[in-house]
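# This is a predicted model, with the sequence first.
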Amino acid sequence: MDPLAQLSDIHLPDNVHNYPIAPGWWLLVVITLAILVYSIIKLRQYFKARKVQKQALKKLSAVSDTRAIVTLLKWAALQYFPRMHVAHLTGNQFKDFLIASLPAKHQENFSTLSGEHFNLTYQSNVNEHNVDNFSAAAKLWLSHALPPKKTLTMLTNDLNTTEIDNQTLENKPQISEVKS
């Protein structure tokens, strides 16, 4: 009796499959995909929100007169703020709106750089002095105020003084004529 004749061949077990993967790996894949999709959406929103700002800054470099700068600032403001709050503003009211939409640390600098240019815009004999300062003020506003970080209610609270004056005039009791 040969002991080797009683041996049988070695049978290898079946290959272990990698699928199905453990639930923890599926969860990791889902979380990674969700973070990736969220990041792409936020990145697209970031670039879309700053598209008008970049256009305005590019146009500002080609502009050389006060009227064109004010028009550019008004156009940029209308792109980000509701039309009914911005379209009717001119002169000091528009300047106050722009100052209110800036962060607090840039407001004084904008005010000094812009000077009286908002009031001189619609005069026929405008002296184009200090256009460089006004252009720097416009660049400061376009760079730091857009897209707006403050909500519109915060801006209206900043501009509350003019609205309070209008409301008190509207709320005064009217004397009506008595017909006999």
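That came in fine, so what should we check first?

# and residue 11, which of the three is it?
Of the three states, residue 11 takes coil according to DSSP: H, G, I helix; E, B strand; the rest coil.

# Quick one: neighbours of it, just the number.
Per other CB atoms under 10 Å, the neighbour tally for residue 11 reads 6. (Glycine included, C-beta is placed from N, CA and C.)

# quick one: it and residue 2, what's the gap?
Remark: distance between residue 11 and residue 2 (CB to CB, to the nearest Å) = 21 Å.

# right, and the helix or strand after the lengthiest helix in the chain?
Ranked by residue count and defined by DSSP state H, the top helix of the chain is helix 23-49. Per DSSP states H and E, helix 23-49 leads on to helix 51-62 as the next helix or strand towards the C-terminus.

# Output the below-cut-off pLDDT ranges for this protein.
121-129, 150-180 (pLDDT under 70).

# quick one, domains of it?
20-49, 50-165 (automatic domain parsing).

# so of those, which one's packed in deepest?
domain 50-165 (a mean of 16; mean count of other CB atoms under 10 Å).

# How far off centre is it?
On the basis of CA atoms, centre = their mean, to the nearest Å, domain 50-165 sits 14 Å off its chain's mean C-alpha point.

# Give me the three-state assignment for the residue nearest the centre of the chain.
Centroid check for the chain by CA atoms, centre = their mean gives residue 147 as the closest residue, at 1.6 Å. The three-state assignment at residue 147 reads coil, by three-state DSSP.

# you'd agree it is up against residue 51?
No: checked against CB atoms under 8 Å, the pair residue 147 and residue 51 is beyond contact range at 9.7 Å.

# So residue 103 versus residue 6, what's the distance?
Relative to residue 6, residue 103 is positioned 90 Å away (criterion: CB to CB).

# do the same with residue 84
From residue 84 to residue 6 the distance is 98 Å (CB to CB).

# Could you pull up the residues touching residue 49?
residue 147 (CB atoms under 8 Å, 6 or more residues apart in numbering).

# repeat that with 10 Å
80, 146-148 (CB atoms under 10 Å, 6 or more residues apart in numbering).

# Distance check, it against residue 80.
On the measure of CB to CB, residue 49 and residue 80 end up 8 Å apart.
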